[in-house]
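Enquirer: structure of the sequence below:
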Amino acid sequence: PNYKIKKKYDLCIISNIKKEYPNYISNQEFYMNLHKAVIKLNLNVVFAGRYSKKKDPSGYLMEKKYFDKYLGKKINFIEFDEFSTYRASDESLVTIGDYTTALLESFARGNKIIVVNTSKYKELNFFIDGVWDLKEYDSQSIINKLNSILNYDDKDWAKMIEIYKENFIKNLNNSKSILSIK
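Expert: Numbers count the residues shown, from 1 in each chain. Have a look, this model is predicted:
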C-alpha cells in the first residue's frame, strides 16, 4: 500500500552502543562531530536507544550516560521498546546508524539512510555501496552528507533504492557482510 507517515524529526540516530562489544572509543569522535553538525544545521533529532530501563537497566544506564555525555541536550532520547526504532526511523526524514537490522529494515521500507561504520571491522560495512555511505566522520563531512541526503528528491530516492533492493533480493549470496556474519 502507498502510505505516508508524518515526519516529526529531521534525523533519527540508531544507537550503536553495545554492551557485548563496547565500541565507545571509536564512537566518541563520531558522536561529538555528529552533535556539532546537528547544532550547526539546527536539526530536530531523535536518538533511538537499544536498551529498555525495565528489561536491561544496566544497558539502559550505560547508553543513557553515553548519550548525555556525547550527544547532550537538544536531542530527544527514546528508550527501547518493541517498535521504538521503527517509529523513530519512519517519523524521520533521514536515519543514521551502523549496519544493524533496524537500519537495513529502514532502507527496505524506503527511508533515507546514512550508513556509518566507526569500527575497524569491514564486516560491519553496509553491503550495498551508495550515496548513503559516510566514510569521513569530521563535522563538515557529516554536514555535507546530511545536506545531500536531506535534499534528495523523494521520488528519485525511491527509484534508486528500488534497483538496489531488487539486486539484493535476487543476489542474496553476493552480500559479503551477510556471509561474514553467518
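Enquirer: contacts for the helix or strand harbouring residue 156?
Expert: Here residue 156, judged by DSSP states H and E, is contained in helix 154-170. Outside helix 154-170, the residues that touch it by CB atoms under 8 Å, 6 or more residues apart in numbering are 107-108, 110, 112, 127-128, 130-131, 174-175. Glycine gets a C-beta too; all of them are placed from N, C-alpha and C.
Enquirer: redo that, cut-off 7 Å
Expert: With contact meaning CB atoms under 7 Å, 6 or more residues apart in numbering, helix 154-170 is reached by 107-108, 110, 112, 128, 130, 175.
Enquirer: show me which pair in these is furthest apart.
Expert: With distance counted by CB to CB, no two of these lie farther apart than 112 and 175, which are 21.0 Å apart.
Enquirer: for the chain, what spans make up the strands?
Expert: For the chain, the strands defined by DSSP state E cover 9-14, 45-48, 75-78, 92-97, 112-116, 133-134.
Enquirer: if I look at residue 158, what pLDDT would I see?
Expert: With respect to pLDDT, residue 158 has a value of 91.
Enquirer: distance of it relative to residue 111?
Expert: Relative to residue 111, residue 158 is positioned 10 Å away (criterion: CB to CB, to the nearest Å).
Enquirer: same check on residue 48?
Expert: For residue 48, the distance to residue 111 (CB to CB) stands at 12 Å.
Enquirer: so residue 158 and residue 111 - more neighbours on which side?
Expert: Regarding residue 158 and residue 111, a neighbour count based on other CB atoms under 10 Å identifies residue 111 as having more, with 20 against 12.
Enquirer: the more buried one contacts residue 91, doesn't it?
Expert: No. Taking CB atoms under 7 Å as the contact criterion, residue 111 and residue 91 are not neighbours in contact, 9.9 Å apart.
Enquirer: chain neighbours aside, what residue packs nearest to residue 32?
Expert: Distance criterion CB to CB, 6 or more residues apart in numbering; nearest residue to residue 32, sequence neighbours excluded, is residue 70 at 5.7 Å.
Enquirer: residues touching the one you found, list them.
Expert: Here residue 70 is in contact with 28, 31-32, 35 (criterion: CB under 7 Å, 6+ apart).
Enquirer: next, count neighbours for the residue nearest to residue 98 when sequence neighbours are not counted.
Expert: Nearest residue to residue 98 in three dimensions, chain neighbours excluded: residue 16, at 4.4 Å (CB to CB, 6+ apart). Other residues near residue 16 come to 22 when the count uses other CB under 10 Å.
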